[in-house]
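K.L.:
Below is the sequence, then the predicted model.
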Amino acid sequence: MGILLYNEQKVEKEQASVLIASNSEGEVERMSMGPKNYRFVKLNKLNPSVKTNALHFTHNFHPTDKLDAKKLQAIVSEYMEQITEKSEIVWVKLI
């Protein structure tokens with residue numbers, strides 16, 4: 001729950017916004033912590049042998065790169081397709 005809480009605090013402080021949300025069973029931008037955490041717990045119970053149930057990483061672009069939200073979504077979507085399973089929850093924050 002630590003990574004979820006970290007990202008939620010960033011959004012609440014308006015230091016980040018949701019860029020992409022998939023497989024979250026609802027509009028992640030409008031969900032409270034309870035439903036988000038429930039979704040993670042539910043998926044974790046499907047395979048209790050998983051040791052790492054969340055991944056946190058960054059993509060850092062050069063300050064001169066002028067990327068709008070659509071371009072960022074395209075870049076991140078392509079990357080996430082390559083590293084995740086179709087059924088995994090993907091929430092991407094823009095910081």
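P.N.:
Everything's here; your move. Just so it is clear, the structure is predicted and the values come from calculations on it, not from any experiment.

K.L.:
any idea how far Lys13 lies from Asn47?
P.N.:
To Asn47, Lys13 is 33 Å away according to Cβ to Cβ, to the nearest Å. Backbone N, C-alpha and C define where each C-beta goes, glycine included.

K.L.:
wait, is Leu4 part of a helix?
P.N.:
Yes - per DSSP: H, G, I helix; E, B strand; the rest coil, Leu4 lies within a helix segment.

K.L.:
pLDDT score assigned to it?
P.N.:
At Leu4, the model reports a pLDDT of 79.

K.L.:
what helix or strand is Gln9 on?
P.N.:
helix 2-12 (DSSP states H and E).

K.L.:
Name the residues of that helix that come out as buried.
P.N.:
Residues 7-8, 11 are the ones in helix 2-12 that count as buried (16 or more other Cβ atoms under 10 Å).

K.L.:
mind checking how far that helix is from the chain centre?
P.N.:
Remark: helix 2-12 is offset 10 Å from the chain centroid, using Cα atoms, centre = their mean, to the nearest Å.

K.L.:
Are there helices or strands packed against that helix, and which ones?
P.N.:
helix 33-46, strand 90-94 (3 or more Cβ pairs under 8 Å, 6 or more residues apart in numbering; DSSP states H and E).

K.L.:
quick one: Tyr79 from Ser32, how far?
P.N.:
28 Å.

K.L.:
neighbour-wise, which of the two wins?
P.N.:
Between Tyr79 and Ser32, counted using other Cβ atoms under 10 Å, the more crowded position is Tyr79 (13 against 8).

K.L.:
circling back: tell me which of the helices and strands packed on helix 2-12 sits most buried.
P.N.:
Of the helices and strands packed on helix 2-12, the one with the most neighbours on average (mean count of other Cβ atoms under 10 Å) is strand 90-94, at a mean of 18.

K.L.:
in the chain, which ranges drop under the pLDDT threshold?
P.N.:
1, 20-29, 85-95 (pLDDT under 70).

K.L.:
Which strand or helix spans the residue sitting furthest away from the middle of it?
P.N.:
For the chain, the largest distance from the centre (Cα atoms, centre = their mean) belongs to Thr64, which lies 25.0 Å off. Assessed by DSSP H and E, Thr64 sits outside every helix and strand.
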